[in-house]
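Asker: Let's see this in three dimensions:
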Amino acid sequence: MDSPPSLTQTIKAEAQRLGFSLTGVTTPDPPPHAAFYARWLADGRHGSMGYLAEARARARRADPRLILPECRSILVLGIPYDSPSSLEDKPGTRGKVAAYAWGEDYHLALAGKLSALVTFIETAAGRPVPNRWYTDTGPVLERDLAQRAGLGWIGKNSCLIHPKKGSYFLLAEILLGLELEPDLPFTTDHCGSCTRCLDACPTGCILPDRSLDARRCISYLTIELKDEIPIDLRDKTGDWVFGCDICQQVCPWNRFAAKNGDPAFAPRRGVPQPDLIEELSLTPETFNRKFKNSPVKRAKRRGYLRNVAVALGNSGDPAAIPALERALDDPEPLVREHAAWALKKLKDEER
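Answerer: Numbers count the residues shown, from 1 in each chain. Predicted coordinates:
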C-alpha cells in the first residue's frame with residue numbers, strides 16, 4: 001500500500017499544477033556565491049544598476065533570514081517561456097525581442113500564481129505561514145538558491161540550465177516559515193569544455209568565471225541602461241531592441257527546451273519581430289498602448305526607440321533613412337542622438 005504524499009510532495013504537485021514545471025526546496029542558509037557576488041559588485045560589473053549594491057540589499061542576499069527571520073525553507077520554482085526556435089522569420093526590416101518578453105510581464109503573470117500557491121500551502125499546513133515571495137524582484141541570489149534546490153547548474157553564460165529543459169524558464173522563490181524536505185543540490189557541471197556562449201557573444205560580456213560584465217551585455221544596454229549606448233558597442237547590438245537570447249540560442253542544452261512555454265508568455269502580436277521602421281513612429285500613447293503589461297515598458301519609450309534607431313543603423317537598409325530623418329525631430333534627445341548616429345552609418349555605407 002502506497003504511503004500518503006508528504007506535505008512537501010503535496011506542495012510541489014500544486015506548484016506544478018499552476019505551471020511551475022521545476023520545483024525544489026532548499027534551506028535559508030547563506031548562498032554559496034555571496035562572497036563572489038560582493039566581489040562582482042566591487043569590480044563595478046553591475047554598471048548603473050546601483051540598487052544591486054545597496055548595503056541593505058547586499059546583506060539580505062548574503063543571508064535570506066534577514067528577509068524573513070522565521071524562514072525555515074525556501075521553495076524555488078521555474079516556469080518555462082517560449083523558445084526563440086518557435087518563431088519563423090518574417091520579411092522586412094525586423095528587430096528582435098528576448099523571448100521571455102514576448103507575452104505578459106512575468107512580474108504580473110506570476111504574482112497571482114505565487115499568491116495562490118501560498119494560500120494552498122497555508123491550507124495544507126493548517127495554519128498561517130510566514131512568507132515572502134519574489135520573482136526577480138527581491139534581494140536573493142536566485143540562481144544560487146535554484147542550484148542548491150536541485151533545479152540545475154549555473155552555466156558559463158551565468159544562466160541556470162536544467163539538463164532536460166534547457167534554460168528558457170523564469171525563476172521564483174517563496175521563503176516560508178515552514179519546515180519542508182530539502183532537495184539535494186545539483187552538483188554536476190554539464191558545460192564541460194564547451195565555449196559556444198562565450199564565442200557567440202558579440203560584445204564579449206561573458207567572463208571566464210561564469211559571470212557577466214553587465215556594462216557590455218546587450219540585455220543591459222537595451223533595458224537597464226537609461227543613457228546613451230556607448231558608441232563602440234552600438235554596432236555590436238545588431239538588431240536586438242529589448243534584451244538578448246544569443247548565449248541561450250547557441251547553448252546545446254536548449255535543444256531539449258520545449259518550443260512553447262506557459263500560455264501567459266505566448267507572443268503578442270507585433271512584439272517578437274517588430275517592424276523597425278514602424279516602431280520608430282510610436283508616440284507615447286501608442287507605445288503605452290502596445291506594450292501595456294509587457295516587460296518592454298521597462299525600457300520606456302525613449303529607451304526603446306533609442307534601441308530601434310541603433311538596430312536600423314545596423315540593418316544596412318537604406319529604406320530606413322526617411323524614418324530616421326523624421327526621428328531627428330523626436331521630443332526625446334536620446335532618440336534624436338541615436339537616430340543621427342544611425343543615419344550617418346547608413347549614409348556612409350551607401351557611399
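Asker: Below-threshold pLDDT in this protein: ranges please.
Answerer: 1-3, 351 (pLDDT under 70).
Asker: Just want the most central residue of it.
Answerer: The chain has Y100 as the residue nearest its centroid, 6.6 Å off, counting by Cα atoms, centre = their mean.
Asker: Distance check, it against E181.
Answerer: According to Cβ to Cβ, to the nearest Å, Y100 and E181 sit 30 Å apart. Heads up, the C-betas are built off the backbone N, CA and C, glycines and all.
Asker: what do you get for I218?
Answerer: For I218, the distance to E181 - Cβ to Cβ - is 40 Å.
Asker: same check, this time on A35
Answerer: Taking Cβ to Cβ, one finds A35 at 28 Å from E181.
Asker: for L145, same thing?
Answerer: 16 Å.
Asker: what does G243 give?
Answerer: For G243, the distance to E181 - Cβ to Cβ - is 36 Å.
Asker: ok, those two, which is more surrounded?
Answerer: G243 (23 against 11; other Cβ atoms under 10 Å).
Asker: Surely that one and V97 touch.
Answerer: Yes: in this structure G243 lies within contact range of V97 using Cβ atoms under 8 Å: 6.4 Å.
Asker: Now do the helices in the protein.
Answerer: Secondary structure of the chain (DSSP state H): helices located at 7-17, 34-42, 55-62, 106-125, 142-148, 196-200, 218-219, 231-234, 246-249, 276-279, 284-290, 300-315, 321-327, 333-350.
Asker: burial measure for the closest residue to A13 other than its chain neighbours, as a count.
Answerer: Spatial nearest neighbour of A13, chain neighbours left out: P5 (7.1 Å); criterion: Cβ to Cβ, 6 or more residues apart in numbering. P5: 11 surrounding residues under other Cβ under 10 Å.
Asker: What residues does G19 make contact with?
Answerer: Applying Cβ atoms under 8 Å, 6 or more residues apart in numbering, we find G19 in contact with 79, 113, 262, 264.
Asker: do that again at 6 Å, thanks
Answerer: 79, 262 (Cβ atoms under 6 Å, 6 or more residues apart in numbering).
Asker: and it, how far is that from A111?
Answerer: 13 Å.
Asker: do the same with V76
Answerer: 17 Å.
Asker: Then N307?
Answerer: From N307 to A111 the distance is 27 Å (Cβ to Cβ).
Asker: Just want to know which of the two has more residues nearby.
Answerer: N307 (31 against 15).
Asker: Name the nearest residue to that one, ignoring sequence neighbours.
Answerer: Nearest one to N307, counting by Cβ to Cβ, 6+ apart, is V241 at 4.3 Å.
Asker: Hmm, R306 and the one you found touching each other?
Answerer: No: counting by Cβ atoms under 6 Å, R306 is not a contact partner of V241; they are 9.2 Å apart.
Asker: List the contacts of the closest residue to L66 other than its chain neighbours.
Answerer: Distance criterion Cβ to Cβ, 6+ apart; nearest residue to L66, sequence neighbours excluded, is R60 at 4.7 Å. By Cβ under 6 Å, 6+ apart, the contact list for R60 reads 66-67, 139.
Asker: Give me the subset of those lying in strands.
Answerer: Using DSSP state E, no member of the contacts of R60 falls within strands.
Asker: In TSV: those residues, plus neighbour count and distance to F186.
Answerer: Shown next, in TSV, are the contacts of R60 (neighbours: other Cβ atoms under 10 Å; distance: Cβ to Cβ, whole Å):
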residue	neighbour count	distance to F186
L66	14	25
I67	19	23
P139	18	23
